[in-house]
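Participant: Sequence unavailable; structure follows:
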């Protein structure tokens, strides 16, 4: 595994994370739904586990607002790097790569909020699942397309 492959995986993960956020914000705009408080709750739980103070009320809220999305980007980039390890530097069929990346990052995010006791996907409504699946598919598609674009074409 070359370092450039891992860097390309990180780039693909960052591009996928951006697409996930764009789709989520479009959903909020179109349906008029509020922003999820799950990222901020995740920050609170992780800070509690690590025994780290986020500061006074105003600063703590601002730190939650900043750290929540950063954790999401971190997970997305990590999923891209993990995919690079799986792919071994080779281009992958777009449907397979989309599914692996989308399902992988969705499992990481939903698994972490479940493990932290923030949410239980077994209790989600259909609209909750749609709001979760579609952005993760956008992540998978754009990350997979980016990964393949960064690979040399087969001869």
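Facilitator: It's in. Model, not experiment: these values are computed from the prediction.

Participant: just the strands in this structure please.
Facilitator: For the chain, strands defined by DSSP state E do not occur.

Participant: Nearest residue to the middle of it?
Facilitator: Centroid-nearest residue in the chain: residue 76, 3.9 Å away (criterion: CA atoms, centre = their mean).

Participant: That one reaches residue 102, doesn't it?
Facilitator: No: assessed by CB atoms under 8 Å, residue 76 is found out of contact with residue 102, at 10.9 Å. C-beta coordinates here come from the backbone N, C-alpha and C atoms, glycine included.

Participant: joint contacts of the two?
Facilitator: Residues touching both residue 76 and residue 102 by CB atoms under 8 Å, 6 or more residues apart in numbering: residue 139.

Participant: centre of the chain versus whichever helix in the chain runs longest, how much separation?
Facilitator: Using DSSP state H to define each element, the chain has its longest helix at helix 57-87. A distance of 7 Å separates the centroid of the chain from that of helix 57-87, by CA atoms, centre = their mean, to the nearest Å.

Participant: so what secondary structure elements neighbour that helix?
Facilitator: On a contact count with 3 or more CB pairs under 8 Å, 6 or more residues apart in numbering; DSSP states H and E, helix 57-87 meets helix 3-31, helix 38-50, helix 94-115, helix 126-150.

Participant: Give me the contact list for stretch 56-74.
Facilitator: So stretch 56-74 is in contact with 14, 17, 20-21, 38-40, 42-44, 46, 53-55, 109, going by CB under 8 Å, 6+ apart.

Participant: so where is the protein shaky, pLDDT-wise?
Facilitator: Filtered on pLDDT under 70, the chain yields the residue ranges 1, 154-155.

Participant: hmm, try it at 90
Facilitator: Scanning the chain for pLDDT under 90 picks out the ranges 1-4, 35-36, 56-58, 127-128, 131, 152-155.

Participant: if we can go back for a sec, without its sequence neighbours, what residue ends up closest to the residue nearest to the centre of the chain?
Facilitator: Take residue 76 and drop its neighbours on the chain: the residue closest to it by CB to CB, 6 or more residues apart in numbering is residue 17, 3.2 Å away.

Participant: do you know how far that neighbour is from residue 52?
Facilitator: Going from residue 17 to residue 52 by CB to CB, to the nearest Å gives 24 Å.

Participant: Comparing those two, which residue is more hemmed in?
Facilitator: For residue 17 versus residue 52, the count of surrounding residues by other CB atoms under 10 Å is larger for residue 17: 24 against 11.
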